[in-house]
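Q: I need the structure of the sequence given here:
(chains A and B)
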Amino acid sequence: MTRRLAIAIVSLSLLLLVLIRASTGVMANPFNDPRALGSWTAAFFTLCMLSFLYGDNPFFRFAEHVFVGVSAAYWMIMAFWRAIVPNLLGNLAPEIPVALFGMQLPLDVPLTQRLIYVVPLVLGLLLLARFLPRGRTLSTWALAFTVGTTAGLRLVSYLATDFMAQISNSLQPLIVLRDGGIDPGRTFSAVILIGGLLCSLAYFYFSRERRGALGVASRIGIWVLMVTFGAGFGFTVMGRVALLVGRMEFLLRDWLRVL
Amino acid sequence: MRSRGPHEVEGVVGRRVIYALMLLAVVAPMVWRISFKERPSAMTRDIFAAIEALPPGARVVLSYDFDPASEPEMKPMGDAFSRHLALKQARIFYLTLWPLGQGEIDMVTRRVLASEYPEYRYGTDYVNLGFMSGNEGVISVAMTDLKKGFPTDVHNASTGVDGGLSIMRGIDNLRNMDLIVDVAAGYPGLREWIQYAAVPGRIPIIGGSSAVKSPELFPYVPAQCLGILAGIKGAAEYEQLLLERYPHFDRPESRVALERMGPQTVAHLVVMLLIIAGNMIHLTRRRREGGAA
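A: Below you'll find the model as predicted:
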């Protein structure tokens, strides 16, 4: 009973506020101004999403489904017009997008280049073959190509920029000199970085019992990891609060115009 | 009886009371316009210096790899970068690896470039290459041939010699760029730009990242990336530097992140107080239950 009463009071208060502000002309009228209609729709969906804070409800689920559906459709349309038409058709048969869609594309594409683009066309069609009763096996060929190419591409870049380069970045001098003397700030920073790195690695060394120096280092390593997780949590809070501020700004400033 | 953890403070305070407190912490500073002066960090100063050092006509890729879901954090960064780059008369190549990023680029070019820099001409001083599907594959292609990765701009004009986009003249691939600026909220984003463009091509890169993703990107600084603006705090620091260096920027639209730091700070204080309160309740209960046993 208390819960329903709280929902009713909050909903009626918001409705009353909106009616007062709309009737006095402070808020934009959605029936006259298409931009205002967009604001009202966005405000409605924002409130639907925020209603989840009280509990799962039909408004939240409706907004969630609309969001997923619209996003999927937008992705598909964008991929079609920005990738398939200019990149695939534009190389395979540029005459089609130029004639049908008025795109400015070079028409003098050599035959060899056109033939090469038959490969991605076939692979793309094979992906769609999974919807056919006996086409599942065919689609695995296209998937295998995609997975293999991506793995190959990533392996090389990870080895170069993450694995090797990160080791190289960690090999820093412990004592940093500046103007003929020791730079205390950077030296302290370097000691913390190298010490923290070694202790964190010690925590993940499982081939020996953690006693003595290894035990001390691994315990410090746990603290280093905890500090890292704490910093990560702080950043996450900052990100989420920023999103809330953005939505509140929209509701109060752009829609209700109370700020 | 089992001692309840700090996370079970809900039994005392209530989940909805915490939500209401957070709402109040965010809305109250907005109503009373509470904001704080930011002290830019060394990393933010490095990023600012990198753009300050660009000569007029420098070629810069500005990649908008985010969508409306992370817009409150990322848009102030993108706007500040665009303002600063236009002020330095850089030639800006906008592009995105996120489908919904194209709309964000449309907005920044209309709100910032077209209205604040009317002398900036599309096709000559900046171009919107739009979205291209393929994640890091697009970066790899653009490293060898930018026009193959982006055959047309968003208005379907060819990026080739016959397209009428004079900004594209002399551009073969990303190696022709003087700087890459990536404003990214996730995958594909700054990590991919570092891995597939900046490091192999030895192209200077700076970035703005969502707060959640920032901690995992910091190890790339400074050897592989000149600096990263982390979340709304990084954006506010950058706006502060812009205002200090160019006071004529002191307009409401140039202080978006700075204004958002007021609610941000108060909300963080509330979270910290709640964590302390939760732990105190937990410790008090444990002591009481221990005494009773």
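Q: quick one: secondary structure of the residue in the stretch 101-250 of chain A positioned nearest to chain B?
A: At 2.4 Å from chain B, A:G246 is the closest residue in the stretch 101-250 of chain A, using C-beta to the nearest C-beta. For glycine as for every other residue, the C-beta is placed from the backbone atoms N, C-alpha and C. The three-state label for A:G246, taken from DSSP: H, G, I helix; E, B strand; the rest coil, comes out as helix.
Q: Hmm, B:P72 and it touching each other?
A: Yes. Counting by C-beta atoms under 8 Å, A:G246 touches B:P72, with 2.4 Å between them.
Q: quick one, which of these two is more surrounded?
A: A direct count of neighbours by other C-beta atoms under 10 Å in any protein chain shown for A:G246 and B:P72 places B:P72 higher, at 24 against 20.
Q: Could you tell me what pLDDT the model assigned to the more buried one?
A: pLDDT, B:P72: 94.
Q: what helix or strand is it on?
A: Using DSSP states H and E, B:P72 falls within helix B:71-87.
Q: Touching the helix or strand that that helix is followed by from outside, list them.
A: Next along the chain after helix B:71-87, taking DSSP H and E as the criterion, comes strand B:91-96. Strand B:91-96 is contacted from outside by B:57-65, B:82, B:85-86, B:102, B:104-105, B:108-109, B:125-132, B:150, B:167, B:171, B:177, using C-beta atoms under 8 Å, 6 or more residues apart in numbering or on different chains.
Q: Do you know the pLDDT at residue 88?
A: As the question left the chain open, I've gone with chain A. For A:L88, pLDDT reads 91.
Q: wait, chain B
A: The model's pLDDT for B:K88 equals 96.
Q: Phi and psi next, for the residue lying closest to it once chain neighbours are set aside.
A: Among residues not flanking B:K88 along the chain, B:L54 sits closest, at 5.0 Å (C-beta to C-beta, 6 or more residues apart in numbering or on different chains). When read as degrees, to the nearest 10, the backbone of B:L54 gives phi -70, psi 130.
Q: How many neighbouring residues does B:L54 have?
A: Neighbour tally, B:L54, other C-beta under 10 Å: 18.
Q: Please verify my assumption that it contacts B:L179.
A: Yes. Counting by C-beta under 8 Å, B:L179 is a contact partner of B:L54 at 6.5 Å.
Q: Need the overlap of contacts for the two.
A: Here B:L54 and B:L179 have B:60, B:90 as joint contacts, going by C-beta under 8 Å, 6+ apart.
Q: and the nearest residue to B:D125 once chain neighbours are set aside, how many residues sit next to it?
A: Nearest residue to B:D125 in three dimensions, chain neighbours excluded: B:R91, at 5.9 Å (C-beta to C-beta, 6+ apart). Using other C-beta under 10 Å, B:R91 has 21 other residues around it.
Q: ok, now B:L85?
A: By other C-beta under 10 Å, neighbour count at B:L85 equals 24.
Q: tell me the pLDDT at it?
A: For B:L85, the pLDDT comes out at 97.
Q: re the thing from before, anything in contact with each of A:G246 and B:P72?
A: By C-beta under 8 Å, 6+ apart, the residues touching both A:G246 and B:P72 are B:R260.
Q: quick one: pLDDT of the closest residue to A:A93 other than its chain neighbours?
A: Excluding the flanking residues, the one nearest A:A93 by C-beta to C-beta, 6+ apart is A:R114, at 7.3 Å. Looking at A:R114, its pLDDT stands at 91.
Q: Show residues contacting the host helix or strand of A:R114.
A: Assigned by DSSP H and E, A:R114 belongs to helix A:111-116. Helix A:111-116 has contacts (C-beta under 8 Å, 6+ apart) with A:91-93.
Q: Could you list every helix and strand in contact with the helix or strand that comes right after it?
A: Where DSSP H and E defines the elements, the next helix or strand beyond helix A:111-116 is helix A:118-128. For helix A:118-128, the elements it packs on are helix A:136-157, judged by 3 or more C-beta pairs under 8 Å, 6 or more residues apart in numbering or on different chains; DSSP states H and E.
Q: in the helix it packs on, what's buried?
A: A:139, A:142, A:153, A:157 (16 or more other C-beta atoms under 10 Å in any protein chain shown).
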